[in-house]
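In: Everything below, folded, please.
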Amino acid sequence: MTKIKIKPQPGPQETFLSCSADIAIYGGAAGSGKTFAELLEPLHYITSVPGYNAVIFRRTTPMIRSGGGLWDESLKLYSGRAEPKESTLEWMFSCKDTSTPNRLKFAHLEYEKNVLDYQGAQLCLIMFDEATHFTEQQWTYMQSRNRSICGVRPYIRATCNPDPDSWVKDWIDWWIGEDGYPIPERSG
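Out: The predicted model follows:
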């Protein structure tokens, strides 16, 4: 069996995956590799840090399960490396130095009240696939769940397509130039 090395594409995908900021947002058009980068992100720690966990949100479960969507792409990337739990949309990763597996969950926040499902949660990594599909209130509440005692500083990663009418535009406005592109000296 031939091993295949998986790594980010040079450029924005590589920059996103090497970012040490507490919050990083990767924007771009459809097909630019944003979702794949999010699927790579947990691999930094999920097999080496006991107690590390992550969740990746889409607005609805059908968006997670759609053909070629998050779940399908995760099957290509994680099969043979982790145990899938399709009924709960989770991957269980073996982790060194512990018999307790680390978890990557795929979840929805279809309704505002779904954030309450995470009361008391400690989520080291929170990812929003298509942040513009969520409300600012969902984003803000989930930031309060971004905490952990596993030794990795909690962080958030998000992707989005350009949407000038979204709350995300207002939130990241300082980093974006008049031309609609990131200001290079502020990026990262």
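In: which of the residues in stretch 10-28 are buried?
Out: For stretch 10-28, burial by neighbour count (16 or more other C-beta atoms under 10 Å) applies to 12-13, 16-17, 19, 24-27. Using the backbone N, CA and C atoms, a C-beta is placed for each residue, glycine as well.
In: just checking, residue 56 is part of a strand?
Out: Yes. Counting by DSSP: H, G, I helix; E, B strand; the rest coil, one finds residue 56 located in a strand.
In: tell me the phi and psi of the closest residue in space to it that isn't next to it in sequence?
Out: Once flanking residues are discounted, residue 56 sits nearest to residue 127: 4.2 Å by C-beta to C-beta, 6 or more residues apart in numbering. With angles defined as degrees, to the nearest 10, residue 127 sits at phi -120, psi 140.
In: among the buried residues of stretch 10-28, which are in helices?
Out: Judged by DSSP state H, the buried residues of stretch 10-28 include 12-13, 16-17 as members of helices.
In: Of those residues, just say which sits nearest to residue 158.
Out: For those, the minimum distance to residue 158 (C-beta to C-beta) is 10.0 Å, reached by residue 16.
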